[in-house]
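Peer 1: with the input below, show me the fold.
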Amino acid sequence: MTRVSRHNGRSGSHGTYNSKHNDREFDLQNAEDIKAELTENNLYWNCVDQQLIRHGELTEQSHSFTEVEKGFYELCYQDYVNGQNARNIKAGHSERCRSIDDLRCNPKTCPEESIYQIGTMDNHVDYEALVMVGVEFLQEIESRYGSHIHTLNWALHLDEGTPHIHERHVFDVINQYGERQPKQEQALKELGFNLPDPSKKPGRYNNRKMSYDAECRKLLIDICKKHGIEIDEEPIYGGRSYMEKQEYIIDKLNADIKELLTQNDQLLSENTMLAIGTAECRAENEKLTSEKESLIKDNEGLLSRNDELMNKISDAEGLLKEVSEVAYDKAHNCLINSLADSIKKETAKEIIKLKNEVQSSEGFLSSITRKYALEQLNKLLHGLGTIKDRVVKAVRKTFESGTVKEKYIKQIAEDVKPSFMAQLQDAKKESKDSRNISEPSKQKTQGMSL
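Peer 2: Numbers count the residues shown, from 1 in each chain. Reported below is the predicted structural model:
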């Protein structure tokens, strides 16, 4: 059983999503997250060519996703842009006039991008199954809602961690002037989608797009099931990773004790049935007796370990200080490395973006200037690792200094002390209950004769 996901968006921290990422219309050599040797197997589709093609089969005549989207916006929305500009000028607001590219790149009217994935990096379906489900889903969306929702292009990526599909589409309506314009919420209204809560006003958490996405998820799951893919529909909540370390240890000890007692009772039952007096049975009986004694010894060891742990827990202040020191060391090391990696990655992206702009600046910069700029940007890009190491070393030195470390450890201990003490009390009670269960069972076992 696996999970299916569908995530939507139009823009991020760097502006609206760029379709060039989807059909790999950029230099792959500096893309750290992409395995360039596998890119040849990516699959692409667009609404102009309307045929499935591998990346390795692209030719100069193939349309890029960017060209397709520009052409679609010019064909379908140019009349709206011209009409709206005329109305703006007539109303004395010529500053509101915009071009077709402004419409295509505006976060409110640009194409929406959806990402489809079935499974995780460690457990996912074959890409053929993903394509089969994805194509049937998009065809069904076109059949149901094609009057107002138009798929522009989609790409299957096999050169990243997990096979997934990027699909871009646009919502539109015919306005009061007879012009077709991008307008998501009105399009969904005309398609019959209601607000999740009609009794409340429309807003960020109550809009028709939420109803549409819910319908899409249901349809996607139904298609997966139709093709024999078992989908886990239950939401994921917090798990074992959220438990405190000491609580986890105690739970693990109690689980081991209960398992050993179960095995012990099973061995006693089997031993009683086998005790028929023959030499073979006596030999088996001796083996079971030995295993029983070993289990009892292991049980006693676990109980002893539990006692040691509870003694350590009893020294609450000492344990709190020890846990705070460990938490500080783990947290600042992880945080420093994570921040440094994020900064390096984002800086690399900006440098690559700047390189692309320089490379495409023919006509504005001379070839010598562009060549020099690219050389300097490459040097900066290749030196990011060294810069990151220096930053990490300097920041770590500050956090590991005696005064700073002592200050933050003390602060951590003060902040977590109330909840820490409450959890210790619960742990003590649970351990006591566990011993009350374990001790009688052990005494009963020792008193029985094989």
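
Peer 1: is the nearest residue to residue 358 once chain neighbours are set aside part of a helix or strand, or is it coil?
Peer 2: Closest residue to residue 358 apart from its sequence neighbours, by C-beta to C-beta, 6 or more residues apart in numbering: residue 373 at 4.9 Å. Every C-beta, even on glycine, is put in place using the N, C-alpha and C of the backbone. Under the three-state scheme (DSSP: H, G, I helix; E, B strand; the rest coil), residue 373 adopts helix.

Peer 1: residue 373 is in contact with residue 365, isn't it?
Peer 2: Yes: between residue 373 and residue 365 there is a contact at 7.3 Å, judged by C-beta atoms under 8 Å.

Peer 1: overlap of the contact sets of these two?
Peer 2: residue 358 (C-beta atoms under 8 Å, 6 or more residues apart in numbering).

Peer 1: OK, contacts around residue 2?
Peer 2: Counted by C-beta under 8 Å, 6+ apart, residue 2 has contacts 118, 119, 120, 123, 124, 125, 229, 230, 231, 232.

Peer 1: beta partners of it?
Peer 2: On the basis of DSSP bridges, residue 2 is bridged to residue 231.

Peer 1: for the one 10 residues further on, same thing?
Peer 2: In this structure, residue 12 bridges to residue 15 when assessed by DSSP bridges.

Peer 1: counting neighbours, what do you get for it?
Peer 2: Number of residues near residue 12 (other C-beta atoms under 10 Å) recorded here: 9.

Peer 1: quick one: it and residue 42, what's the gap?
Peer 2: Distance of residue 12 to residue 42, computed by C-beta to C-beta, to the nearest Å: 22 Å.

Peer 1: ranges for the strands of the protein?
Peer 2: Applying DSSP state E to the chain gives strands spanning 4-9, 11-12, 15-16, 43-46, 53-54, 112-118, 149-157, 164-174, 180-182.

Peer 1: name the helices or strands packed onto the longest one?
Peer 2: When contacts are defined as 3 or more C-beta pairs under 8 Å, 6 or more residues apart in numbering; DSSP states H and E, strand 164-174 sits against helix 65-90, strand 112-118, helix 127-145, strand 149-157, strand 180-182, helix 184-190.

Peer 1: picking that back up, just the buried members of the contacts of residue 2?
Peer 2: Buried members of these, scored by 16 or more other C-beta atoms under 10 Å, are 118, 119, 124, 125, 229, 231.

Peer 1: please identify which of those residues is nearest to residue 189.
Peer 2: Closest approach to residue 189 among the buried ones among the contacts of residue 2 (C-beta to C-beta): residue 231, at 29.9 Å.

Peer 1: these two touch, right, that closest one and residue 224?
Peer 2: Yes: between residue 231 and residue 224 a contact is recorded at 5.0 Å, counting by C-beta under 8 Å.

Peer 1: overlap in contacts of those two?
Peer 2: residue 4.

Peer 1: spatially central residue for the protein, please.
Peer 2: Nearest to the geometric centre of the chain sits residue 120, at 9.1 Å (C-alpha atoms, centre = their mean).

Peer 1: how about the nearest residue to that one, chain neighbours excluded?
Peer 2: residue 162 is the one closest to residue 120 (C-beta to C-beta, 6+ apart), at 6.5 Å.

Peer 1: swap in residue 189?
Peer 2: In space, residue 189 is closest to residue 208, 5.9 Å off (C-beta to C-beta, 6+ apart).

Peer 1: count of neighbours near the one you found?
Peer 2: Residue 208: 20 neighbours (other C-beta under 10 Å).

Peer 1: circling back to that earlier point, settle it for me: which of residue 373 and residue 365 has more neighbours?
Peer 2: It is residue 373, of residue 373 and residue 365, that has more neighbours when counted by other C-beta under 10 Å, with 17 against 14.

Peer 1: any idea how far the more buried one lies from residue 361?
Peer 2: 9 Å.

Peer 1: care to break the chain down by domain?
Peer 2: As given by automatic domain parsing, the domain ranges for the chain are 4-226, 240-314+431-446, 317-400.

Peer 1: most tightly surrounded among those domains?
Peer 2: Most buried of the domains of the chain, by mean neighbour count (mean count of other C-beta atoms under 10 Å): domain 4-226, with a mean of 16.

Peer 1: quick one: average pLDDT of it?
Peer 2: On average, the pLDDT along domain 4-226 is 93.

Peer 1: that one: end-to-end distance?
Peer 2: 14 Å (C-alpha to C-alpha, to the nearest Å).

Peer 1: ok, back up a step: closest one to residue 409 among the domains of the chain?
Peer 2: domain 317-400 (5.0 Å).

Peer 1: and that closest one, how far from the chain's centre?
Peer 2: Centroid separation for domain 317-400 versus its chain: 22 Å, with C-alpha atoms, centre = their mean, to the nearest Å.

Peer 1: ditto for stretch 138-153
Peer 2: Worked out by C-alpha atoms, centre = their mean, stretch 138-153 lies 27 Å from the chain centre.
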